[in-house]
Structures are given as structure tokens and as C-alpha cells.
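J.: Below are the sequence and a predicted model for it; my questions follow.
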Amino acid sequence: MSNGATLNTVGSTIDFGLQHDKVTEELSLLKLECEDHGVELLEYKDESSLGRIIELITKDLSEPYSIYTYRYFIHNWPFLCFMATVDDEVVGAIVCKLDVHKKGRFRGYIAMLAVDKAHRRKKIGSSLVQKAIQTMIERNCEEVVLETEITNQAALNLYEQLGFVRDKRLMKYYLNGVDAFRLKLWLK
């Protein structure tokens, strides 16, 4: 059901009233596609998976996170940490949080997303993001934000295909001196 609020982005229009239905429908399709590749999406359960999550993220992301950073997100929002597995091996992970933002509105944040190089191009990253967003929507999230390096074209493509828009450029945001784009997805 549409509430009439729309956002014009480059080449597309997002109807916020349809966003929840769209996410749910796309997640169902992505889940089927992942299952075709033998991929299963699981919610984080305990620290037995933490080592593999850290290993995946350390390989892919330029920022060096301490064990305390992982535990901050995973222990406070375990319901927003998902893993993709193939034959019981963790091949992808997403780590997020959900906080109260301005005017008491809930804002989701995607802190980390990584997929093992051998398992890319199977819609695992998209599925993990969609699963996290669906969980955020169920908890009354109104927007989701994240940052990614301006040079990470694969990440920019993934998020923009999912409806995120470039909100602002953050100069020398990362420790390696690279700028970031803050990306935002409005859900309501």
C-alpha cells in the first residue's frame, strides 16, 4: 500500500510505501537463487562463528577492526548479524545495528559486509543485505545508512541496485586516506 511519498533517484523512483513489500519479495527471490548455489542464511548464534566472520571481513575491508568492535555490534544486535554458509562453512557475513536517531526514529546501520571471493556473483551479498533490511523493517526502522569507499565500485553497484542513494561524500574517511560515500535507504 503506497503512502504517496516518493524519492527520485538517478533513473528510478522509490515509493516508500511499497518498500517493505519490495524488500520481502526480493528477499524471497534471492533466497531461492542462493539455495540453488547451496547457500543458507543463518542468524548469528554464538562466538563459535566469530573467528570466521572476523577473517572474512578482515580480508575484504580496509579498516582494521578490533575484537571489541565486532563484539559491540554482535552482542548488542545479534538479531542483525547474519551469515551465509555453504556446507557449514561461513562464506559471507553482514554485521549491523539499529538505534534511535533524530526525533526518536529508528535508523539501521550496516557496519560490515563481506563475501568470500570464491563465492561471489551468487547473490550472497544482496541476500545478506536484504535479510538485514527485512529484520530492520520488522523493528520499525525508517532508514538505513552505511559508508563505503568511493573506489569500491562493486559495493556501490550492489547497494544502489537495492535502492540506496549517495547521501554525502566523506573526505578522507578511512584510515587509508580514501574518501567514502554515505549511502542511505529510506524505508518510510
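T.: Yep, it's here. Computed from a prediction, not measured in an experiment: that's the story for all the values here.

J.: any low-confidence regions in the chain?
T.: Scanning the chain for pLDDT under 70 picks out the ranges 1-37.

J.: which residue ranges form the strands in it?
T.: 6-9, 12-15, 39-43, 81-86, 89-100, 106-115, 141-149, 165-170, 180-186 (DSSP state E).

J.: Convert stretch 171-188 to CSV, retaining C-alpha atoms only.
T.: Extracted as CSV, the C-alpha positions of stretch 171-188 are listed here (Å, rounded to 0.1, in the frame of the first residue of the first chain):
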residue,chain,number,x,y,z
MET,A,171,36.6,13.2,2.8
LYS,A,172,39.5,11.0,3.9
TYR,A,173,37.0,9.0,5.9
TYR,A,174,39.1,5.8,6.0
LEU,A,175,42.5,5.3,7.7
ASN,A,176,44.0,4.6,4.3
GLY,A,177,43.0,8.2,3.2
VAL,A,178,40.3,7.1,0.8
ASP,A,179,37.0,9.1,0.7
ALA,A,180,33.7,7.4,1.5
PHE,A,181,30.2,7.8,0.2
ARG,A,182,27.5,7.7,2.9
LEU,A,183,24.6,5.7,1.3
LYS,A,184,21.1,5.9,2.5
LEU,A,185,17.9,3.9,2.0
TRP,A,186,14.6,5.5,3.2
LEU,A,187,12.1,2.9,4.2
LYS,A,188,9.2,5.2,5.4
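
J.: Show me which residues of it are buried.
T.: Residues 173, 174, 178, 180, 181, 182, 183, 184, 185, 186, 187 are the ones in stretch 171-188 that count as buried (16 or more other C-beta atoms under 10 Å). C-beta: built from backbone N, CA, C; applies to glycine.

J.: again, but for stretch 90-107
T.: 90, 91, 92, 93, 94, 95, 96, 97, 98, 106, 107.

J.: May I see those arranged in TSV, with distance to residue 169 as well?
T.: Shown next, in TSV, are those (distance: C-beta to C-beta, whole Å):
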residue	distance to residue 169
90	33
91	32
92	27
93	27
94	24
95	24
96	22
97	23
98	25
106	25
107	20
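
J.: Tell me which two in those residues are the farthest apart.
T.: 91 and 106 (29.7 Å; C-beta to C-beta).

J.: mind putting the strands of the chain in a markdown table, distance to residue 131 included?
T.: Shown next, in a markdown table, are the strands of the chain (distance: least, C-beta to C-beta, whole Å):
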| stretch | distance to residue 131 |
| --- | --- |
| strand 6-9 | 23 |
| strand 12-15 | 20 |
| strand 39-43 | 6 |
| strand 81-86 | 5 |
| strand 89-100 | 8 |
| strand 106-115 | 11 |
| strand 141-149 | 12 |
| strand 165-170 | 21 |
| strand 180-186 | 14 |
